[in-house]
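*Asks:* Starting from these lines, generate the structure:
(2 chains)
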Amino acid sequence: MDISPNEEQRLIGDTVRRFFDERGGAAVLSQGPLPSADWRALAQMGALAFMLAPAAGGLGSENQDAMIISQELGRSLAVTPAIEAVVLAAALVARHGSAAQRATWHAPVLEGKKTIIFAGNAVIEVGDDGWRIDGSFPLVRFGMGAAGYLVVQGKTAVIVPEEAPGIARAPVRLADGSIAASLVLDGVRLPADAGFALPDEALDDAFARARIALAAQLVGAMETLYEATIDHIRQRNQFGVPIASFQVIQHRAARLFVSLEQARSMALKAALIGEGGAEWRRVAMGAHAYVAHAALRLAQEATQMHGGMGVTEEHVVGRGHRIVLTLSQTLGGTVAARAALAGPSAE
Amino acid sequence: MDLAFTPEQRRFQGEVRAFLAKALTPELRHATALTPGVFVEPDIGGEWQAILERKGWLVYHWPKAVGGPGWSYVKRWIFEKELAEAGAPALPGMGLKLVGPVIAAFGNDAQKAEYLPKLRSGEHFWAQGFSEPGSGSDLASLRTRAVRDGDDYLVTGQKIWTTQAHHANHLFALVRTDPKSKGRHGISFLLIDMGLPGVTVRPIISASGDHELNEVFLDEVRVPMSDRVGDEGQGWKIARFLLENERGGSSYGPALVAEMRRLCEVVADWGEPELALRAARLALEAEALEMTELRTVLELDAEEPASPRSLATKLIASEIRQGIDELAIDLFGLLGVQLPSDRPFYAASSPPLLGPPAAQVAAARYMNGRAWTIFGGTSEIQLSIIAKVAVGL
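*Replies:* Model (predicted):
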């Protein structure tokens, strides 16, 4: 058993951290979605490729490198489609799609040139001339900037290019500043080669990997908010003393430490246990449920302990809170994850 | 990075399981399940202690110099995890986990020779004399005094919350040997034979109906100076070592994970959606704690300094414990608040309890469990320590 990153993993983490620090770190990156030029630069560094295992056309180990990179994404509070586009959608294409589909929808995504986003379940009919897709997706995160969407029904997946006739989409701005798409697919027709078969558990496994990355990203965000809060309470003086000298503040700060360590443990466990199978998926779901909940609580505490500054647009804590708020609801959200763990009686 | 066991670790895990399958009898398991508190009665604990000592696994955490097997921290963790999952009784901890390591670290050769073997054999049963009526969280303010008289100390004072002192024949105590001192200076660590004249034990019945706690009155008890461990005035340092030993390399997680697994099944049977969600949340907290502890275990084996996160484990465990207790109450309703006065619950003479095992002990465990956030450092003290040492405030 070994939970220390090796030399290469440390290097990857440091490189990504430096990349974001050079662009102003959390204070700057939390202000809105990562500019495309930076997304491409991140990709050119190999960061996106390292988020995927070789079986998914990547360069990283299963889940561990995704964890390390996601954690740095979280620390920087950068708003990017790394999980939706890379870990979820592009990986599904890489693992199960044709060579032609990979050439169009995997390689360019890892190069940061375009994104494909998983939209969800659609009504997919197959005919002699190809596919007919109907579906309505109220909120597809990062959907407005996407070049394509992945829809599924049962064991069939279809890639829907954004320019296909029959697509209507409207922008919806989310709390983290990203632009989601309200998407309607109305009788969209696509040639047969737009689809591919999904083996059993492929979608569940893909979501498990996405949850693992998300948990790591949330831990990174928690770190940043925690560190900002501890700095603040040390420096902020009231009544002639730092507010960090008040016992209530000390105890609440102690609880933040505890919460961060527990969240880190869950994210780490999910990324390190052997992939595959129901127990692994349960651990991934558990890490998602746990960390998303803990992160939002910590963000609330961070805001509270910053006093008035914690509720401003200008301060990184307020923006970080909004980012954590958004992340806590992605991939179904913490409540859905917990309900899934609780079993049939809770649904 | 990986969380897989090595072949040797897997083999050891199998060996422990095979041992437990034979040695952990249904009677021992049943008695443990029906014991509301942390510590089982001495007949149960003593039997289990003898079984482990015969196997050579009793003092698995002691230094090699005093008979420990030299296991890595991971191996100890695997051992503790298997015992917890199997529902094994807790071992009499005061001797094995507290005063034993103290004597090993600070005692002289005569003390090691006199006390350690009898601790292992069960001939000596230890109670911890630390807290006093006026000195709980502020232990350093203790007032039990030890006055020199020839080659002895005359010890006078009162200890309180002494777990199982009514079963014990030996007491390790913090006493003030420097009458002019206040606070942590001038305190010494004594080993007191409870059969000596002047020792009186009075029971304290807990709100759970259990008799675990006691007051111990010491009235000019003549304790040989040779039963002082370490130097005069070194008592506080020894106490710190003991308390850190109590905390370092903890393994609260596995037992809580195992308990939640069982409780989740009961909850699923009863089909209460709100309780299922609460149970899921508690199960996750327990799983996180187990991993948090494992991270420290791996650090210790890598000879890295233990992270300050190890300061948090008792706090986390105590709150999970109380969450579980309250969940059981909410689950079973009135069935969960049965509380017969006979103890132990598993004795043949005690009236039968109603409902599934978790319901039978729900009220007793709930009331007993309120002490978890109070003993071994209250949660408030834990938070202050974490803030100071871990957060750095």
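*Asks:* I'd like to know how many residues surround the nearest residue to residue A:236 once chain neighbours are set aside.
*Replies:* Distance criterion CB to CB, 6 or more residues apart in numbering or on different chains; nearest residue to residue A:236, sequence neighbours excluded, is residue A:243 at 5.0 Å. From N, CA and C alone the C-beta is placed, and that goes for glycine too. Counted with other CB atoms under 10 Å in any protein chain shown, the neighbours of residue A:243 add up to 18.
*Asks:* My guess is residue A:243 contacts residue A:230. True?
*Replies:* No. At 11.3 Å, residue A:243 and residue A:230 do not qualify as touching, with contact defined as CB atoms under 8 Å.
*Asks:* can you map out the strands along chain B?
*Replies:* Secondary structure of chain B by DSSP state E: the strands cover B:126-129, B:145-149, B:152-160, B:170-176, B:187-193, B:199-205, B:211-224, B:228-229.
*Asks:* Now render these as CSV, adding distance to residue A:32, mean pLDDT and mean neighbour count.
*Replies:* Output for the strands of chain B, formatted as CSV (distance: least, CB to CB, whole Å; pLDDT from 0 to 100; neighbours: other CB atoms under 10 Å in any protein chain shown):
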stretch, distance to residue A:32, mean pLDDT, mean neighbour count
strand B:126-129, 59, 97, 26
strand B:145-149, 68, 98, 17
strand B:152-160, 61, 98, 21
strand B:170-176, 60, 98, 26
strand B:187-193, 60, 98, 23
strand B:199-205, 62, 98, 14
strand B:211-224, 59, 97, 19
strand B:228-229, 64, 98, 22
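*Asks:* Make TSV from those strands and add distance to chain A to it.
*Replies:* Output for the strands of chain B, formatted as TSV (distance: least, CB to the nearest CB, whole Å):
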stretch	distance to chain A
strand B:126-129	26
strand B:145-149	32
strand B:152-160	26
strand B:170-176	26
strand B:187-193	26
strand B:199-205	29
strand B:211-224	27
strand B:228-229	33
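*Asks:* Need those strands in JSON lines (columns: distance to residue A:201).
*Replies:* Shown next, in JSON lines, are those (distance: least, CB to CB, whole Å):
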{"stretch": "strand B:126-129", "distance to residue A:201": "53"}
{"stretch": "strand B:145-149", "distance to residue A:201": "68"}
{"stretch": "strand B:152-160", "distance to residue A:201": "58"}
{"stretch": "strand B:170-176", "distance to residue A:201": "57"}
{"stretch": "strand B:187-193", "distance to residue A:201": "59"}
{"stretch": "strand B:199-205", "distance to residue A:201": "56"}
{"stretch": "strand B:211-224", "distance to residue A:201": "50"}
{"stretch": "strand B:228-229", "distance to residue A:201": "60"}
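*Asks:* Mind checking these for the one nearest to residue B:85?
*Replies:* With CB to CB as the criterion, residue B:85 lies closest to strand B:211-224 of these, at 24.6 Å.
*Asks:* Which other helices and strands does that closest one contact?
*Replies:* Secondary-structure packing of strand B:211-224 (3 or more CB pairs under 8 Å, 6 or more residues apart in numbering or on different chains; DSSP states H and E): strand B:126-129, strand B:152-160, strand B:187-193, strand B:199-205.
*Asks:* now with 6 Å?
*Replies:* strand B:152-160, strand B:199-205 (3 or more CB pairs under 6 Å, 6 or more residues apart in numbering or on different chains; DSSP states H and E).
*Asks:* now these in CSV, with distance to residue A:221?
*Replies:* As requested, the helices and strands packed on strand B:211-224 are arranged in CSV below (distance: least, CB to CB, whole Å):
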stretch, distance to residue A:221
strand B:152-160, 46
strand B:199-205, 48
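*Asks:* between those, which gets nearest to residue A:50?
*Replies:* Closest to residue A:50 of those is strand B:152-160 (CB to CB; 58.9 Å).
*Asks:* Direction included, what does the closest one pair up with?
*Replies:* Strand B:152-160 sits in its sheet next to strand B:145-149 (antiparallel), strand B:211-224 (antiparallel), going by DSSP bridges.
*Asks:* which residues does residue A:305 contact?
*Replies:* By CB atoms under 6 Å, 6 or more residues apart in numbering or on different chains, the residues touching residue A:305 are A:229, A:233.
*Asks:* Tell me how far it lies from residue A:239.
*Replies:* Residue A:305 sits 16 Å away from residue A:239, going by CB to CB, to the nearest Å.
*Asks:* Over to residue B:110?
*Replies:* Residue B:110 is 57 Å from residue A:239, by CB to CB.
*Asks:* packing partners for the lowest-mean-pLDDT helix or strand in chain A?
*Replies:* The helix or strand of chain A with the poorest confidence is helix A:333-342; it has a mean of 82 (mean pLDDT, DSSP states H and E). When contacts are defined as 3+ CB pairs under 6 Å, 6+ apart, helix A:333-342 packs onto helix A:278-305, helix B:273-301.
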